[in-house]
Structure formats: structure tokens, C-alpha cells
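Participant: after the sequence you'll find the predicted model.
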Amino acid sequence: MQWPLTYHEKKRVVQLAIVLALAGWIAADALLGGAAYWQRVWLRLPLLLTGSGSGWPLTGGFALNIFLGLGSMALAAIMGTLLAFGMMAKSRLVRLPCFFVMNFLRNSPWLVLLFAMLYIIPFNVRLFGVSIAVPAFVKAVIGLSLPTAANFAEIIRGAVQSIHSGQWEAARALGYMPMAIYSRIILPQALRRMIPGWMNLYALLMIATSLATVTGIQDVLTTLNTLLSMENERVIVYFYITTLFLFFAYCYPIALLARRMEQSVKGDTL
Amino acid sequence: MFGLDYSWLSDPVYQGWLLRGTLNTIGLALASSAVAVLIGTFGALALSLRIAWLDALIELFVELFRNTPPLLQMLFFYFTLSTIGLRVTDPVTGLSVPLLSAFDCALVSLSFFGGALCIEAFRSGLESLPRSVNEAARSLGYSRWGRFRRIEVPIASRICLPALTNILTNLFKTTSQASVITVPELMYYAGQIYNDTFRTAEVMLLVLLIYVSLVSVLSWGMSRIERALAFPGYGKGH
Amino acid sequence: MRTSILTIATSIVVALGITAAGADTLADVKAKGTLTIGVKNDYPPYGFLNNKGEIVGFEVDLGKYVARELLGPEGKAELVPVVAANRIEFLNSGRIDIILATLGVTAERGKVIDFSEYYVSAPGPSVIAPKAATFSKWEELKGLTLCGIQGSYYNKHLTEDLGVQLTAFKTQPEAYRALKDNRCVGFVFDDMTLRKKTEEAEWADYKIAVDPYEYIPQAAGIRKDDTAFRDAVNKAITKAEAEGKLIEWETTYGMPHSNYIAERAKAAAAKLKP
């Protein structure tokens, strides 16, 4: 390193200092009695992560939040894609209802939507005379996937519309069919712009999975609350910090990666 | 109609709860939006000064509050801050009580969460100013402060408006999570009502409609502002 | 205009979503061979987890007894943990067949479900507060902030008639934590649970500050107009009472013997005598 340091080098140094200060603070706190609390947290960490005391099987805890996130994202991808194509349809009869649904879902709070789904979806569905129970987990997946689908659709629409109209005209002039223009020209380019948006959406969804605690499933917050009823007041600080860190450690790298990709896409001239 | 029973709505007690809840929701949203915009403005301004140590701290704040669930933040503030010393003595009872009420905790969490998003949005707004604008202003003899006040802020704030609309509607929706720490807003009273009447689906539907209507009004109002402030011809490029 | 469209649209969604629950539970239960019972798992002595993690308790035993009466000795009882806020929803949507979960008989609840015979008379709410607390009557609570639990039947009475500032939590641990934190001057909840709490070492500095203002009967919750099922359940409960089973369970779970149960046992025995 050369002196004087550049702006970015200086920032690196300060970031390093912050990390060191945090580590030092935790160490000092541990020496002053915090170690016993961290030990409680360490003891309960498998439960917090997997929902079972031994760390296996994965029945709840943060693992369940991850499953929830993945399940909702998959469902949202299917619904969101359909909704996006609906919004870009030529017919007003298709387009307007799709816009309406998208706006309704995007304007409703995730928590309220999740709660409403919890009570609106029946506990039993009768299909061909067989009654199938709908577990709370499935309801949570559906409840979380609805607002995600609306955002998913908006990302697709935004990316497709950001492709310069000249591309459409050129492709048409070259004799491509509309479907071929979509699949060969527009989507491959738009996809590059969609992926960072989807990653951000996934990080947002992961954060929202914390709301699933209202459905009564054994997610990380429900587990935390059950755990805390057995702990003293002081140690709950350490439990909360640990849980906050779990979310941060999962979501931050995704957000960081998404931003990197956004930066690289920005340079594209479309 | 459709087997939905809304007869409970005629009870003045429940009407009062819904009204109070709605007003508290709006109040919480307004207060946290105001603080969030303030945090965003000062944060973005501080970032534009490019002071390394300050920027590192601000970025840490942004990433911490953007990448953790607001719900968990609220619970953290509500249940732990008082145990690590944020307490005051109640002048009436002489008891040591938590400094931050449930409402305060929700306000802090929401405005930090919104503030983190605002800093990011405002920063990219300031950065997206075309260099030529600044050069033109300099050649016209504007000072650094004059450029900032008369050129950068007016243009950047308009560039930021769509992102701000997103953040504020997001924040409005997130206020519903304050019900978990017993802030008596709309969602909290919804729970009280359906626990009394057992008309869960009906109550949740009504509450969903109230939220969607309020958020729609907010985003419609913001888009009116966007249109009113737009420079003719500027920003139509994309 | 916009909202009215929204209302209609969402109403349709709901109408499609809600399916009518089967009206003849007795036949359904017999066909399955299993009675699905909603019980508490955090509420000693009525329903709680023992050291092995199994749900046991006064009402759990009652539920198993009813299942055997309805389905014969091979009859199975499936236990589904419920809380105050979801038990009626669970019943009416078909997730469970019967509620045996500290369900107090109230007029509001009577509008949406039916009750069985009233097998227990339980004290209503009381208030736990620090020993230093000066209030001892319900009327003195006006304007004070009390912690509570969402879904308790007395919440509306407290806020609207007594003028209490109620802070209602979803779960008990949260309410206890808030009370210790002095976020409220007392915690209003079912008397039975609070009395047990004051016996714990950690809660030695707390007392029952205000005694219950009423006793309310406790009964099984059954879907509305499910007559055949209700009659069968009532018959099973009366038989259990006549055989002195409820008194037995009181002993098993360390409950004080109540006059109410003893008298009902006598009456039931007299009724069943040929």
C-alpha cells in the first residue's frame, strides 16, 4: 500500500477496524460473564438452526425458513411468469385483470396477506371425494408466494420493456415470428437484467419468511420464542443477536452478489 | 353474500377499534416515513462528501438494517433494549420501566429500515446525475454549495422519486408487523376483533382491503407528485 | 368504485375457498376410526407436555375416554395442539372434530359453535402483579396498563367495561417477559395458570392481586347443529362422570377436588341408575 491511501483503501481499513472492534467488544463481554450466555446459545444453536436438539432431522428452525423461501420462490416463479405474460398480452381482456391482480398483491402487506391466506384456505381440501389436509406450511408457502409472484412479474415486465424497441423492429424486418422474437432475441437479453432483480427478490422473501411465525409453524422465530421461555432475561439478548445474524449471514451475500451482477449488466448497451 | 357474515361491523365497539387502528397505522407510517427520509437525506449527503470512515459506518448501518427482518428488529428492540439498561424511572409509580414503548420500538425499527433503503436510493440518485450537468453549472459560475442546492438536489430528488414511492409504500405495508409487539394499529385490532367474533376470514379480508386502499392512495398521491414535479422532457429517455 | 370492485373480486375468491364442513361428524369419525381432538399443550393440568414430550392432562384423558366410548376399545384419539386464538377456527374448518382445550362457555362462542355438557367449572381471569401492587379490585384497574393474551374471552369486557389499557400478546412467555420488564402493572389471565406461576421460585415477588370475578363452566366445543355427535359426546361425558373418572383425573393431575365435579358425578350416577 502506498501513502497516502486512496479512498477505497481507507474504507477497507475502517471496515477492518469496525470488524476488529466488534470482535474485541464481544471478547471483552465474554470475559465479563458473556461467555456463559454464549454457551447457552451454542447449546441451543442446533435447535435454532434445524428445529431438533441434535441438529437432525431438519424439522424446523432456520432450515424451515430456507425451505419456505425456496418453496415460495418456486411457486412465485411459476405464477409470476404467467402473470407477466398476461400483463404483456395484446388483449385488454387479459392484460387489465392481470394488472389488477399484480397491483392488488403488490399493495397488500405481506403479513396481512399471509394471515388472510391462513384463514381463507381451508384446512381440508376435497378432491375427487378424498379429503386432503392442507398443513400450515403449505399455507405459509402460498401466502408468501403471492406478493413474491407480483414482484416477480414486475421484474420480468420491466426487463422486457427495457429492451430497446429497435430490436423488435429489426427482428420483425428480418422475418422472425413474434414467438421467436421473444424466445430468441428479447428473453435472452432480458434474462440478464432479470436475474439480479430475482436475487434481490429472493433475499427480500427470505427476510419475509420471518413472518411465517404467525401461522404457527416451527420456524426460527417460533423456535426462538419457545426457547426464550426457558431462559433468563439477560441471555435473550444473545439469542436475538444470534438470530438476527442468521438472517444477515444468509441475505447479505445474496444482496451483494445481486448488486455485482447489476453493475455488470449496467454496462450493456441494448 | 357468499356466506360472509359482516353483521359484527354494526357493533360500535368494533367500528371504533377499526378506526383507531387505521389512524394509528397511518400515524406510525407517517412518522416512520418522515424519519426515514431524514435519515436517507443526511446519509446520502454524508456519502457524497466521500469521507472514508463515515462512509464505512453508513454502509454498515445500511447493510445491517436492510438484510435483517424488521419483525425481528422490533422484537429485539422491544424485548432486549430494556434489559441492557435503556430504562427510566416512572415519575408516578417510582418503578423502573423500559425507556422505549412498543410504539417507539416500532418507530425506531421502521425508520431505520426505511432510512437504510432511502440512503441507498438517494445515493444512487445523486450519482446518476450526468457529469455534463455539473460541468455546465460550473461553467455558469455556480459555487459548490450553489451547484448542490440549485442543480444537484432538484434533479436528483426527481430521479429518486419513483424509488422513494416504492420505499414509502413498502414502509406502509411493513407497519402491520408492529402488531406483533402489541402496537395497537390496524392488524392488532383485527386480531382483537376476530378473536371476539370468530369471523376470521371476514375480518382479515376487510383489513386487507383497507391496507390495499390506503397503499393505493399513497402510491397514487406519490405518482401525482412525480408528475407535478417532472421537468418537461427530462428523464423520458428510458 | 375501486374498492367495491375489490370487495366483489375478493369475495369470489373467498367463496370459492370456503368449503362446507361435513354435518355428520359421528358418521365421519366412525368411518375414520379416529377422533381428532384439539387440546392444549401448554396448560397444566388440563393439557401439557410431560417429561417424555407427550401431551397429557385432565382434558386429554377425557378426550381419550370419549374416543373409546364413541369408537370402541380400538378407537384412536389424534391430539392436535391448539391455542385460544385458533381452536374455533380449527373446529369449524374441519381440522379437528372436537375442542377439549379449556374452552369456557360464553354467549359469543355459542353463536358459532355448540357446547357439550359443562364438565368443569373453572375460575375466570385473575391478575398477577408485583407484591408491591396496591390494587385489589377490578374497579381499581381503570386506566392501568395490563398485559393479556389475544383471544381471551374477557378482553373486551376489560377494555370496554372496566377501562383497562390492555396490551395483548400472542403467547404467554411474551406476556410474562413484558410483566417482568414492567411494561404493564399486571398480567390478566386464567386464574388457574397464574396461581401455579406464583408458586415458582422465579415469581416469588409476585402475587395474585385481583381475584376472579366469576366462575365459568368449561365444555367441549362441537360444530353447530351436529346433533348426533353432540348427543354421543354428552353420553360419554356423563358416563365418565358417573364412573367417578373426573374425580380420579383430578387426583392424577394434582388438582384440588372441586364441589362442582363431585356434585355432577352424583347427579350423573343417579341419572344412569336404572
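Facilitator: Sure thing, it's come through. Note that the structure is predicted; figures quoted are calculated from it, not measured.
Participant: need the contact partners of stretch A:230-242.
Facilitator: A:34, A:37-38, A:40-41, A:44-45, A:48, A:224, A:227-228, B:72, B:75-76, B:79-80, B:83-84, C:177, C:180-181 (CB atoms under 8 Å, 6 or more residues apart in numbering or on different chains). Where C-beta positions appear, they are placed from N, C-alpha and C, glycine not excepted.
Participant: where does the chain have low pLDDT?
Facilitator: Using chain A here. In the prediction, chain A carries residues with pLDDT under 70 at positions A:1-2, A:129, A:131, A:266-270.
Participant: to clarify, I was referring to chain C.
Facilitator: Applying pLDDT under 70 to chain C flags the ranges C:1-23, C:274.
Participant: got the domain ranges for it?
Facilitator: Domain assignment for chain C, taken from automatic domain parsing, gives C:19-122+C:216-272, C:125-213.
Participant: who wins for proximity to residue A:98 among those domains?
Facilitator: domain C:19-122+C:216-272 (27.1 Å; CB to CB).
Participant: hang on, the earlier thing: out of the contacts of stretch A:230-242, list just those in helices.
Facilitator: If you go by DSSP state H, these have A:37-38, A:40-41, A:44-45, A:48, A:224, A:227-228, B:72, B:75-76, B:79-80, C:177, C:180 in helices.
Participant: all strands of the chain, in order?
Facilitator: In the absence of a named chain, chain A is used. For chain A, strands defined by DSSP state E occupy the ranges A:124-127, A:130-133.
Participant: the intended chain is chain C.
Facilitator: C:34-39, C:42-43, C:47-49, C:55-56, C:76-81, C:98-100, C:113-123, C:125-130, C:145-149, C:165-169, C:186-190, C:206-210, C:215-223.
Participant: got those strands as JSON lines, with distance to chain A and mean neighbour count columns?
Facilitator: Output for these, formatted as JSON lines (distance: least, CB to the nearest CB, whole Å; neighbours: other CB atoms under 10 Å in any protein chain shown):
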{"stretch": "strand C:34-39", "distance to chain A": "10", "mean neighbour count": "24"}
{"stretch": "strand C:42-43", "distance to chain A": "9", "mean neighbour count": "19"}
{"stretch": "strand C:47-49", "distance to chain A": "11", "mean neighbour count": "20"}
{"stretch": "strand C:55-56", "distance to chain A": "15", "mean neighbour count": "20"}
{"stretch": "strand C:76-81", "distance to chain A": "9", "mean neighbour count": "17"}
{"stretch": "strand C:98-100", "distance to chain A": "14", "mean neighbour count": "29"}
{"stretch": "strand C:113-123", "distance to chain A": "15", "mean neighbour count": "19"}
{"stretch": "strand C:125-130", "distance to chain A": "15", "mean neighbour count": "24"}
{"stretch": "strand C:145-149", "distance to chain A": "14", "mean neighbour count": "23"}
{"stretch": "strand C:165-169", "distance to chain A": "10", "mean neighbour count": "21"}
{"stretch": "strand C:186-190", "distance to chain A": "14", "mean neighbour count": "26"}
{"stretch": "strand C:206-210", "distance to chain A": "15", "mean neighbour count": "21"}
{"stretch": "strand C:215-223", "distance to chain A": "13", "mean neighbour count": "21"}
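Participant: for the stretch 51-200 of chain C, what lies in contact range of chain B?
Facilitator: Contact residues, the stretch 51-200 of chain C versus chain B (CB under 8 Å from any CB of the partner chain): C:84-85, C:88-89, C:92, C:108-109, C:111-112, C:150-152, C:155-156, C:160, C:167-170, C:174, C:177, C:181-183, C:185.
Participant: of all the strands of chain C, which lies closest to residue B:63?
Facilitator: Residue B:63 sits nearest to strand C:165-169 of all those, at 31.2 Å, using CB to CB.
Participant: report the angle between that closest one and strand C:186-190.
Facilitator: Calculated by axes from the mean of the first three to the mean of the last three CA atoms, to 10 degrees, strand C:165-169 forms an angle of 60 degrees with strand C:186-190.
Participant: adjacent strands (with direction) for strand C:165-169?
Facilitator: Using DSSP bridges, strand C:165-169 pairs in its sheet with strand C:145-149 (parallel).
Participant: now what about the strand it pairs with, what contacts it?
Facilitator: With CB under 8 Å, 6+ apart as the test, strand C:145-149 has contacts from C:84, C:127, C:155, C:158, C:164-172, C:175, C:178-179, C:183-189.
Participant: so who does residue C:57 touch?
Facilitator: C:39-40, C:43-48, C:253.
Participant: mind redoing it with 10 Å?
Facilitator: When contacts are counted by CB atoms under 10 Å, 6 or more residues apart in numbering or on different chains, residue C:57 touches C:39-41, C:43-50, C:63, C:100-102, C:249, C:252-253.
Participant: how many residues are close by residue C:132?
Facilitator: 12 (other CB atoms under 10 Å in any protein chain shown).
Participant: if I pick it, what's in contact with it?
Facilitator: Counting by CB under 10 Å, 6+ apart, residue C:132 has contacts B:93-95, C:205-207, C:209.
Participant: quick one, phi psi at it?
Facilitator: phi -70, psi -10 (degrees, to the nearest 10).
Participant: how near is it to residue C:157?
Facilitator: Between residue C:132 and residue C:157 the computed distance is 26 Å (CB to CB, to the nearest Å).
Participant: repeat that for residue B:163.
Facilitator: 48 Å.
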